[in-house]
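Trainee: Please find the sequence and the predicted model below.
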Amino acid sequence: ATVSDTTRMQPGLTIFPISQWTPMAELDWGYMVAVDEADVVVWYRDLGTLNIGMHIAPDTRGAVEIYTTDFVNGAMVVNPWTGELRTLMALDTELDSIHHEVMPWADGLAVLATELDQVGGFPDDATYNIVGDVLAELDADGVVTWRVDLMDLINPAELFTVDMHTIFWQ
C-alpha cells in the first residue's frame with residue numbers, strides 16, 4: 001500500500017481479489033490476497049482465473065469461507081484455513097454463466113447468472129440476441145431450486161439503448 005490511515009481502519013484483515021490486465025483481462029490469472037493493518041500480506045491463494053466479486057461468510061463450523069467466481073464460468077469457494085477450493089461450473093447446471101456474485105444460501109448457493117434470449121419489439125422492428133441476468137438459488141448438488149429471469153421483469157425493447165447491440169452483448 002502506498003497510503004493508509006490507521007485511524008480509520010478496523011482491526012482485522014482486508015481480503016481482495018487481484019487481476020491482471022495487459023491491456024485486456026487475463027482470464028487465466030487471478031489471486032485472492034489478505035493483508036493486515038500494517039499492509040503486510042498474511043495470506044494469498046493463486047486461483048488461476050480472473051475472479052469477479054467476493055463474499056466472505058462463516059462456514060457451518062464457524063470458520064470463514066471466501067466465495068467468488070471463476071470469471072463467468074462458475075462459482076468457487078475457498079477455505080483460507082485448509083486451502084480447500086471447491087468449484088461449481090455453470091456448465092454442470094442449467095445456467096449459462098455464473099458471474100459477479102456468489103454467496104452461501106440455505107444449503108447451497110445464491111448466484112447471479114445469465115441467459116441468452118432472442119427479443120423482438122425494438123424500435124427498428126428487429127429481433128436481437130440479448131443477454132440478461134438471472135438470480136438463482138442452487139442446492140448443494142448444483143441443482144437450480146429457484147430462479148427469476150430479469151428479462152421477465154424488464155423488457156429490453158422498452159429500455160432500448162444502442163450499446164445493447166455491441167459485440168459484448170452478442
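Mentor: Everything's here; your move.

Trainee: rest of the way, CA atoms for contacts and neighbours
Mentor: OK.

Trainee: And the helix or strand of the chain with the lowest mean pLDDT, what does it pack against?
Mentor: Lowest mean confidence among the helices and strands of the chain (mean pLDDT, DSSP states H and E): strand 55-58, at a mean of 89. Contacting strand 55-58 under the criterion 3 or more CA pairs under 8 Å, 6 or more residues apart in numbering; DSSP states H and E are the following elements: strand 64-69, strand 98-105.

Trainee: ok, what's across the strand from the residue nearest to Trp146 when sequence neighbours are not counted?
Mentor: Among residues not flanking Trp146 along the chain, Glu137 sits closest, at 5.2 Å (CA to CA, 6 or more residues apart in numbering). Glu137 has these beta-bridge partners by DSSP bridges: Ala110, Trp146.

Trainee: Quick check: end-to-end length of stretch 144-163?
Mentor: One end of stretch 144-163 to the other measures 31 Å (CA to CA, to the nearest Å).

Trainee: ok, and what's touching that stretch?
Mentor: 93-94, 115, 119-123, 132-139 (CA atoms under 8 Å, 6 or more residues apart in numbering).

Trainee: Now do it, average pLDDT.
Mentor: For stretch 144-163, mean pLDDT is 86.

Trainee: and the direction of the one helix or strand Gly30 maps to versus that of strand 64-69, what angle?
Mentor: If you go by DSSP states H and E, Gly30 is part of strand 25-35. Inter-element angle recorded for strand 25-35 and strand 64-69: 170 degrees (by axes from the mean of the first three to the mean of the last three CA atoms, to 10 degrees).

Trainee: Sheet partners, orientation included, of strand 25-35?
Mentor: When DSSP bridges is applied, strand 25-35 pairs with strand 14-21 (antiparallel), strand 41-46 (antiparallel).

Trainee: Rebuild these as TSV, extending it with mean neighbour count and distance to Val77.
Mentor: Below are those laid out as TSV (neighbours: other CA atoms under 10 Å; distance: least, CA to CA, whole Å):
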stretch	mean neighbour count	distance to Val77
strand 14-21	16	13
strand 41-46	14	12
